[in-house]
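Asks: attaching a predicted model along with its sequence, questions to come.
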Amino acid sequence: MSLFRDMKCGCGIPVARRTSWTHKNHRRKFVACIFYNAEIGQSDCNTFEWLDDDIFDWQRDVINVLIAEKHILATDNSILNQGLCFLNTRTKG
Ligand SMILES: [Zn+2]
């Protein structure tokens with residue numbers, strides 16, 4: 001990682017170390033131009049390099065399923081908490 005500390009992009013600016021949050025490359029580390037736009041995958045220059053190895057498709061699928069299930073559980077938990085609050089206010093009043 002420290003190899004990239006002095007690395008500069010095509011703009012002549014030190015690269016930024018970042019983390020991808022896309023479904024395809026969830027939590028993968030990379031360095032890129034500070035003007036790199038992760039949403040559209042473009043920057044003013046083409047300096048971009050992954051810092052870690054790619055994962056297998058099945059690993060990516062498992063991660064994305066677990067993330068989706070986590071969101072469902074968080075939503076269920078929120079709904080249950082709201083119901084519990086409602087019941088608590090009714091029993092107190
Ligand atoms: Zn640049």
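Replies: Arrived safely.
Asks: domain ranges for the protein?
Replies: Following automatic domain parsing, the chain resolves into domains at 1-54, 55-93.
Asks: quick check: which of the ones you listed is buried the most?
Replies: domain 1-54 (a mean of 14; mean count of other CB atoms under 10 Å). (C-beta placed from N, C-alpha, C; glycine too.)
Asks: do it and the ion meet?
Replies: Yes: Domain 1-54 lies within reach of the ion by CB under 5 Å from the ion, at 9-11, 33, 45.
Asks: okay, the domains of the chain in JSON lines with mean pLDDT next?
Replies: JSON lines is the format used below for the domains of the chain (pLDDT from 0 to 100):
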{"stretch": "domain 1-54", "mean pLDDT": "83"}
{"stretch": "domain 55-93", "mean pLDDT": "92"}
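Asks: dump the residues of domain 1-54 next to the ion to a markdown table, plus secondary structure.
Replies: Formatted as a markdown table, those follow (DSSP: H, G, I helix; E, B strand; the rest coil):
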| residue | secondary structure |
| --- | --- |
| 9 | coil |
| 10 | coil |
| 11 | coil |
| 33 | coil |
| 45 | coil |
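Asks: among these, which one lies nearest to residue 62?
Replies: Nearest to residue 62 among these is residue 33, at 31.5 Å by CB to CB.
Asks: show me where the chain has its helices.
Replies: 57-92 (DSSP state H).
Asks: circling back: farthest-separated two in the residues of domain 1-54 next to the ion?
Replies: Checking those with CB to CB, the most distant pair is 10 and 33, at 6.9 Å.
Asks: residue nearest the middle of the chain, spatially speaking?
Replies: residue 21 (2.3 Å; CA atoms, centre = their mean).
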